[in-house]
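Enquirer: sequence and computational prediction follow.
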Amino acid sequence: MTADSQPLVAVAGLSIAFPTGEGVVRAVDGLSFELAPGGALGIVGESGSGKSTAAYALLGLHRGTGADVSGSVTVAGHDVLAAGEAELRGLRGGVAAMVFQDPLSSLDPYQAIGDQIAEVHRVHRRDASRRAARARAVEVLDRVGIPDAARRARSRPHEFSGGMRQRALIAMALACEPRLLVADEPTTALDVTVQAQILGLLGELREETGMGLILVTHDLGVAAGNVDELLVMKDGRAVERGPVREVLDAPRETYTRDLLAAVPRVNVRREGIPAPKGDDSVLLEARGLYREFGHGKRAVTAVDDVSLTVRAGETVGVVGESGSGKTTLGRLLVRLLEPSGGELRYRGREIGGLKERELRSFRSELQMVFQDPVSSLNPRRSIGESIADPLRAAGRLDEAEIVARVRELLERVGLDPGAYHRYPHEFSGGQRQRVGIARALAPEPRLIVCDEPVSALDVTTQAQVVRLLGELQRDLGLALVFIAHDLAVVRQVSDRLVVMRNGRIVEEGDANAVYERPEHPYTRGLLAAVPRLEQAEAAA
């Protein structure tokens, strides 16, 4: 067998187990697969299926975690599990590189982007001078589409947008021209246009450099158009593997069919919308809403002359790219931010200029579910205590009634009432989001703003949370403002759609009408960028 005919990656019988206080957890169980040089493999499955753990093993990132690892992992001829530290250092970055899901936590916040890339280059190219390493950093930043790369190389991570940070991380991975790129959920938190740019970039890099790609993702639409083969994982095992079109068009396993059924389709109408429970009067009304951050020449207008209404019992979807003003608008609507100008009325009363003390009587009726339940829950307090906070603040119930209400809410959102005393880290991402929903429901609100509530969840968990919100809306007569960058998810839940760009509303109307007959070029561009299983089928 020639060197070129040997697999770039060969994994055989890989098992990875972690000791915990409740026993041993087997994250990967007897996994085997191969990747040919220049090939692209997608690894998909629900959260907890073992996708990322298996990917980390390709670079020996299990070292130092206390994991019990068995089987074999070979990358470009290197026996990863048997390799010493020096060999592993040479492998990482020089032969195989990884792009992580969250670039902000993967980059040093105190060091310029260009310096971080130059450092990686010098580690693997010891004969490279500092000047040559800096030049290489600018070269790869330019290659991944960072404008004015020589100047932006001096910027720090917080000065880059989310998409630019992800590009910088890809540039760092490319600094030493690796033969294998492992990308772990590289587009999960990105809007559809930036996601399309990143995926297009990965495809171009594969064509130009001949590198192999392993793409770990929960988004089957992303996998469909960007890999050659698909590996479906569940409970640490491979349940199905084959050419991507074979697996997607004729899945053999029930689990794969369930994953495909849970994928939201942007071209599927939302039918049978129930009539709002109770009245459909105007609940919240914004007129000329404006919010500016900073002062003078450095001032940034995040929301600019926005007007919209939310009626009782309806769902208003808000979409747009990162930086379009979606989240700022959501925080203004529930008065977590004070408007710089304009009017904000709740049930006919102006609340935009009210001070915090005056707002207290409205707080129970206007609630928010945040994008990241980890950072919005206190890790040192049990989830029951976190949910109880708004009930205690209201002062209408005694302690026994509060505990009973919290247990009722936990059951209502599909969690075990006995989980009252458990802490956030003991729950999965989807379960933590259910906790966030329960906390928002505690004071019996009339309107909830959901800010990217499912962006980091796998498709089946995402479908469960969306279904839960729909049930709660029907049963409780809630109005929802649903903010998301995933246009397919927004279509599932929305009665009306608002499209934002650069702080302004560029299109608004009945959700089905906007999706099927978009009038603004920006809306058409957003819809065209959505990854779809159907598009991949047509191209195959």
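Expert: Sure thing, it's come through.

Enquirer: from here on, contacts and neighbour counts on C-alpha atoms
Expert: OK.

Enquirer: show me the helices in the stretch 101-250 of the chain, by range?
Expert: Using DSSP state H, counting those that start in this stretch, the helices of the stretch 101-250 of the chain run over 103-106, 113-124, 130-143, 149-152, 162-174, 192-209, 220-224, 244-249.

Enquirer: kindly reformat these as TSV containing distance to Arg392.
Expert: Formatted as TSV, the helices of the stretch 101-250 of the chain follow (distance: least, CA to CA, whole Å):
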stretch	distance to Arg392
helix 103-106	35
helix 113-124	46
helix 130-143	52
helix 149-152	49
helix 162-174	37
helix 192-209	41
helix 220-224	43
helix 244-249	50
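
Enquirer: looking at the ones you listed, which is nearest to Leu377?
Expert: helix 103-106 (18.9 Å; CA to CA).

Enquirer: contact partners of that closest one?
Expert: Helix 103-106 has contacts (CA atoms under 8 Å, 6 or more residues apart in numbering) with 100, 157-158, 162, 165-166, 169.

Enquirer: ok, so of these, who is nearest Tyr423?
Expert: Set against Tyr423, the nearest of the contacts of helix 103-106 by CA to CA is Phe100 (26.1 Å).

Enquirer: now do the same contact list for the closest one.
Expert: With contact set as CA under 8 Å, 6+ apart, Phe100 has these partners: 106, 169, 183-186.

Enquirer: quick revisit: can you tell which of the helices of the stretch 101-250 of the chain is closest to Gly93?
Expert: helix 162-174 (6.2 Å).

Enquirer: low pLDDT regions in this structure?
Expert: Residues of the chain meeting the criterion pLDDT under 70: 1-5, 21-22, 189, 270-279, 534-540.

Enquirer: kindly recompute the last result at 50.
Expert: Applying pLDDT under 50 to the chain picks out residues 1-2, 272, 275, 535-540.

Enquirer: pull out the buried members of the contacts of Phe100.
Expert: The neighbour-count test (16 or more other CA atoms under 10 Å) marks 169, 183-186 as buried among those.

Enquirer: can you map out the strands along the stretch 301-450 of the chain?
Expert: Using DSSP state E, counting those that start in this stretch, the strands assigned to the stretch 301-450 of the chain run over residues 315-319, 341-346, 349-350, 366-369, 447-451.

Enquirer: would you turn these into TSV with mean neighbour count?
Expert: Formatted as TSV, the strands of the stretch 301-450 of the chain follow (neighbours: other CA atoms under 10 Å):
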stretch	mean neighbour count
strand 315-319	27
strand 341-346	20
strand 349-350	12
strand 366-369	24
strand 447-451	25
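
Enquirer: redo these as JSON lines? Include distance to Ala112.
Expert: JSON lines is the format used below for the strands of the stretch 301-450 of the chain (distance: least, CA to CA, whole Å):
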{"stretch": "strand 315-319", "distance to Ala112": "32"}
{"stretch": "strand 341-346", "distance to Ala112": "36"}
{"stretch": "strand 349-350", "distance to Ala112": "45"}
{"stretch": "strand 366-369", "distance to Ala112": "34"}
{"stretch": "strand 447-451", "distance to Ala112": "31"}
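
Enquirer: to Gly296, which of the ones you listed lies closest?
Expert: Evaluated with CA to CA, these place strand 341-346 nearest to Gly296, the distance being 16.3 Å.

Enquirer: show me how far the closest one is from its chain's centre.
Expert: Relative to the centre of its chain, strand 341-346 is centred 31 Å away, using CA atoms, centre = their mean, to the nearest Å.

Enquirer: export only the CA atoms of it, formatted as CSV.
Expert: The C-alpha coordinates for strand 341-346 follow below in CSV (Å, rounded to 0.1, in the frame of the first residue of the first chain):
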residue,chain,number,x,y,z
GLY,A,341,-35.1,57.8,22.4
GLY,A,342,-38.6,56.9,21.1
GLU,A,343,-41.6,55.5,22.9
LEU,A,344,-42.3,52.1,24.5
ARG,A,345,-45.8,51.4,25.7
TYR,A,346,-47.0,48.4,27.6
